[in-house]
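In: Got a predicted structure here, sequence first:
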Amino acid sequence: MADAKVEVRLNGPLRVYGEIEIVDADGKNYTVPEGQWVSFCRCGKSEKKPFCDTAHRDCGFEGESKAY
Ligand code: FES
């Protein structure tokens, strides 16, 4: 079983559950503790990229929840 799970949210972000570490180009990291989750923007409108700030709700973003 995987240590992390990625959920493709209908008309919304990619939500990641599990213990992961996110590192940016400057080496700054952000850790998501086990048992918590984080959402990554896929609409392109978030002002807190790569994280979702719920802007997808106001911009009319449409995205399937299927993973092909
Ligand atoms: S998916 Fe939520 S702000 Fe982009």
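Out: Structure received.
In: who does the helix or strand of the chain with the lowest mean pLDDT pair up with?
Out: Using mean pLDDT, DSSP states H and E, strand 29-32 stands out as the lowest-scoring helix or strand of the chain, at a mean of 87. With DSSP bridges as the test, strand 29-32 is paired with strand 20-23 (antiparallel).
In: before we move on, the earlier item: tell me which residues of the least confident helix or strand of the chain come out buried.
Out: By neighbour count on 16 or more other CB atoms under 10 Å, the buried set for strand 29-32 is residue 32. All C-beta atoms are positioned from the backbone trio N, CA, C, and that covers glycine.
In: do the same with stretch 56-68
Out: 56, 61.
In: returning to what we had before: which residues are in contact with the least confident helix or strand of the chain?
Out: 16, 18-23, 38 (CB atoms under 8 Å, 6 or more residues apart in numbering).
In: Tell me which two in those are the farthest apart.
Out: Maximum pairwise distance in the contacts of strand 29-32, criterion CB to CB, is 16.2 Å, between 18 and 23.
In: between these two, which one's more packed in?
Out: The residue with more neighbours, out of residue 18 and residue 23, is residue 18; 16 against 10, by other CB atoms under 10 Å.
In: Pull the contacting residues for the more buried one.
Out: Taking CB under 8 Å, 6+ apart, one finds 2-5, 32, 34, 37 in contact with residue 18.
In: how about the nearest residue to it, chain neighbours excluded?
Out: Using CB to CB, 6 or more residues apart in numbering and skipping the chain neighbours, the partner closest in space to residue 18 is residue 4 (3.3 Å).
In: For the ligand, see how far away that neighbour is.
Out: Note on residue 4: its distance to the ligand, by CB to the nearest ligand atom, to the nearest Å, is 19 Å.
In: hang on, isn't residue 11 packed against residue 63?
Out: Yes: taking CB atoms under 8 Å as the definition, residue 11 is a contact partner of residue 63 at 5.7 Å.
In: tell me the secondary structure for residue 57?
Out: Per DSSP: H, G, I helix; E, B strand; the rest coil, the local secondary structure of residue 57 is helix.
In: quick one: contacts for it?
Out: Neighbouring residues of residue 57 by CB under 8 Å, 6+ apart: residue 12.
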